[in-house]
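Enquirer: My questions are about this predicted structure, shown below with the sequence.
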Amino acid sequence: MAENIHPIFDSILSTSKKEGLLKQHGLVIWMVGLSGSGKSTIARALENRLHSEGYLTALLDGDNLRTGINNNLGFSEEDRTENIRRAAEASKLLANNGVITICSLISPTAQIRAMAKEIIGDKYCEVFINCPLEVCEQRDVKGLYAKARRGEIKSFTGIDSPFEHPGNPNVELNTAENSAEENLNELLKYILPKVKYSKS
Ligand SMILES: Nc1ncnc2c1ncn2[C@@H]1O[C@H](COP(=O)(O)OS(=O)(=O)O)[C@@H](OP(=O)(O)O)[C@H]1O
Ligand SMILES: Nc1ncnc2c1ncn2[C@@H]1O[C@H](COP(=O)(O)OP(=O)(O)O)[C@@H](O)[C@H]1O
């Protein structure tokens, strides 16, 4: 716990000043889903689309973070919790500086997602990338499901580590039934009104 620490919250420029400069509202779009469900695909498409419309974005992907800020973490429940905590804190910093922050991390349990929401606050927007395990396993983009089935990877989400379906996401996209383009358009309907600048 932080002791003898004196934050300077009251003397740093406000989020609304940053948002006024950027002419956009910061938001954290937190994508939740199994490996291979389509988080990264939709996250990249969303970032490209927002960027082409003139928005400043950041994309925090689980795999990428795990090569840097989270490179000392594995896949135990404790390490996944710390992984999400750091990603949520980083996202909060970005969004409170006006940046539209897209996070794609499995975020497997209700408890982990509640923590992310608690850290981020009002700017947290949960998007469930819903795809049945069988379809994700069939896709097996990285060959990880095959390895997990052979016992070469332990604690693999959906195989021998839990994935709890989000109960109340802000948006749910079904990537087994709808195309990536349809999913993106549905997501934009929800996101654009939230990030479009309006002086309040
Ligand atoms: N055991 C195990 N379980 C799940 N995933 C694994 C595992 N080992 C490695 N990988 C790779 O790590 C990516 C998931 O990392 P995340 O940081 O998103 O996971 S978590 O939110 O902390 O659960 C995940 O990326 P995605 O496939 O994009 O989800 C995998 O590439
Ligand atoms: N509707 C869809 N939305 C997103 N991805 C889809 C869709 N249909 C098929 N896919 C494919 O599923 C795979 C999802 O992989 P990826 O985006 O890396 O998932 P994740 O980041 O959740 O592990 C990609 O190969 C993608 O082309």
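Expert: Structure received. Just so we're clear, the structure is a prediction, and the values are computed from it rather than from any experiment. Ligands and ions are numbered 1, 2, ... in the order given.

Enquirer: Next one: residue 118, what pLDDT does it get?
Expert: Looking at residue 118, its pLDDT reads 98.

Enquirer: Adjust the sequence numbering to begin at 116 for everything that follows.
Expert: All set: I'll call the first residue 116, so the last point we hit is now residue 233.

Enquirer: how close does it sit to residue 204?
Expert: Look at residue 233 and residue 204: by CB to CB, to the nearest Å, they are 11 Å apart. Yep, even glycine has a C-beta here, placed from its N, CA and C like the rest.

Enquirer: between those two, which one's more packed in?
Expert: residue 204 (13 against 10; other CB atoms under 10 Å).

Enquirer: who's in contact with the closest residue to the more buried one other than its chain neighbours?
Expert: Distances taken as CB to CB, 6 or more residues apart in numbering place residue 234 nearest to residue 204, at 6.0 Å, with adjacent residues excluded. Contact partners of residue 234, counting by CB atoms under 8 Å, 6 or more residues apart in numbering, are 200, 203-204, 207.

Enquirer: Which members of those residues occur in strands, if any?
Expert: Within the contacts of residue 234, no residue falls in strands by DSSP state E.

Enquirer: And the buried ones among these, selectable in PyMOL?
Expert: Here is the PyMOL command that selects the buried residues among the contacts of residue 234 (16 or more other CB atoms under 10 Å):
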select buried, resi 203+207
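
Enquirer: what residues are up against whatever residue of the chain ends up closest to ligand 1?
Expert: Nearest residue of the chain to ligand 1 (CB to the nearest ligand atom) works out as residue 177 at 2.3 Å. When the contact criterion is CB under 8 Å, 6+ apart, the partners of residue 177 are 198, 202, 219-221.

Enquirer: 6 Å instead, please
Expert: residue 220 (CB atoms under 6 Å, 6 or more residues apart in numbering).

Enquirer: Tell me, what's the model's pLDDT at it?
Expert: 97.

Enquirer: Which strands or helices does the top helix by length along the chain pack on?
Expert: When the chain is parsed with DSSP state H, its longest helix is helix 192-210. If you count contacts as 3 or more CB pairs under 6 Å, 6 or more residues apart in numbering; DSSP states H and E, helix 192-210 packs onto strand 215-219, helix 225-235.

Enquirer: Where does residue 314 sit: helix, strand or coil?
Expert: Going by DSSP: H, G, I helix; E, B strand; the rest coil, the secondary structure assigned to residue 314 is coil.

Enquirer: Who are the contact partners of it?
Expert: Applying CB under 6 Å, 6+ apart to residue 314 gives no contacts.

Enquirer: go on, residue 166?
Expert: residue 172.

Enquirer: ok, and for the longest helix of the chain, which residues are buried?
Expert: 195, 198-199, 201-203, 205-207, 209-210.

Enquirer: which stretch among the helices and strands packed on helix 192-210 comes nearest residue 311?
Expert: strand 215-219 (10.8 Å; CB to CB).

Enquirer: what angle do that closest one and helix 225-235 make?
Expert: Angle, strand 215-219 to helix 225-235, by axes from the mean of the first three to the mean of the last three CA atoms, to 10 degrees: 160 degrees.

Enquirer: Thank you, goodbye.
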